[in-house]
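> using only what follows, build the 3D model:
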Amino acid sequence: LEGTLRMALALFTRFPEHVHLLRGNHEFWVEHNGSIVSTVMPSEAVTRMKGMAPDELFRAYQSLFDALPSMLLCGRTLMVHGGIPKDATIREKLGDLSGLNEWLIRFQMMWSDPSPADVVPRKLQQSTYRFAFGRLQCLSFLQRLGCHTLIRGPEHLEAGHHRDFDDEQLLT
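Below you'll find the predicted structure:
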């Protein structure tokens with residue numbers, strides 16, 4: 001709340017036509033037993049601020065996070081925090097581009113990570129909320145959307161970025 005988020009919000013309010021804030025898994029807060037909690041552990045911001053800030057502050061941030069888009073489509077490039085939805089979810093929930101607004105698709109795109117495999121079996125994907133996807137699954141998802149590249153940003157990389165697969169379809 002005091003570091004990255006404050007800087008991102010300041011940039012957004014100063015340059016709204018140039019800064020796009022995307023929701024990631026660290027911005028997925030829920031109410032549990034009457035209190036706002038983060039679904040990511042450790043949850044430094046919530047843990048550090050609890051007791052020093054009123055619950056209304058956490059509820060306000062939760063409302064802000066709920067309103068943030070979880071992806072940005074720029075031409076044929078899709079930008080997200082994590083990756084792609086599970087195979088079963090794509091099959092059941094994604095008809096056209098408007099399906100990207102489906103809650104489950106948005107949620108899963110915050111929690112997925114690339115695997116060096118071509119395909120991660122559906123059974124493995126279904127076993128947990130955080131799951132892996134393979135190169136061919138990514139390519140199929142992008143083709144379905146009419147996209148050629150997925151850019152994801154879940155982690156700091158000293159080199160700035162890297163290719164997750166041998167081609168240019170997925171960049172972290």
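
> in this structure, where's the longest helix?
Ranked by residue count, the top helix of the chain under DSSP state H comes out as helix 55-67.

> and it, how far out from the chain middle?
Put simply, helix 55-67 sits 17 Å off its chain's centre (Cα atoms, centre = their mean, to the nearest Å).

> average model confidence for it?
The pLDDT scores in helix 55-67 average 88.

> buried residues in it, which are they?
58, 61-62, 65 (16 or more other Cβ atoms under 10 Å). From N, CA and C alone the C-beta is placed, and that goes for glycine too.

> ok, stretch 123-134 next?
Buried residues in stretch 123-134, defined by neighbour count with 16+ other Cβ under 10 Å: 125, 131-134.

> a markdown table for the residues you listed, including distance to residue 147?
Shown next, in a markdown table, are the buried residues of stretch 123-134 (distance: Cβ to Cβ, whole Å):
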| residue | distance to residue 147 |
| --- | --- |
| 125 | 21 |
| 131 | 20 |
| 132 | 20 |
| 133 | 15 |
| 134 | 17 |
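
> need the max-distance pair from the residues you listed.
Using Cβ to Cβ, the two most remote members of the buried residues of stretch 123-134 are 131 and 134, lying 11.0 Å apart.

> overlap of the contact sets of those two?
residue 120 (Cβ atoms under 8 Å, 6 or more residues apart in numbering).

> dump the buried residues of helix 55-67 to JSON lines, plus distance to residue 83.
Shown next, in JSON lines, are these (distance: Cβ to Cβ, whole Å):
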{"residue": "58", "distance to residue 83": "28"}
{"residue": "61", "distance to residue 83": "24"}
{"residue": "62", "distance to residue 83": "24"}
{"residue": "65", "distance to residue 83": "19"}
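
> closest to residue 25 among these?
Using Cβ to Cβ, residue 65 is the member of the buried residues of helix 55-67 that sits closest to residue 25, with 10.6 Å.

> sorry, back to before: in strands, which of the buried residues of stretch 123-134 appear?
Taking DSSP state E, the ones among these that sit in strands are 131-133.

> pull the helix or strand with minimum mean pLDDT from the chain.
The weakest-scoring helix or strand in the chain, judged by mean pLDDT, DSSP states H and E, is helix 44-49 (a mean of 70).
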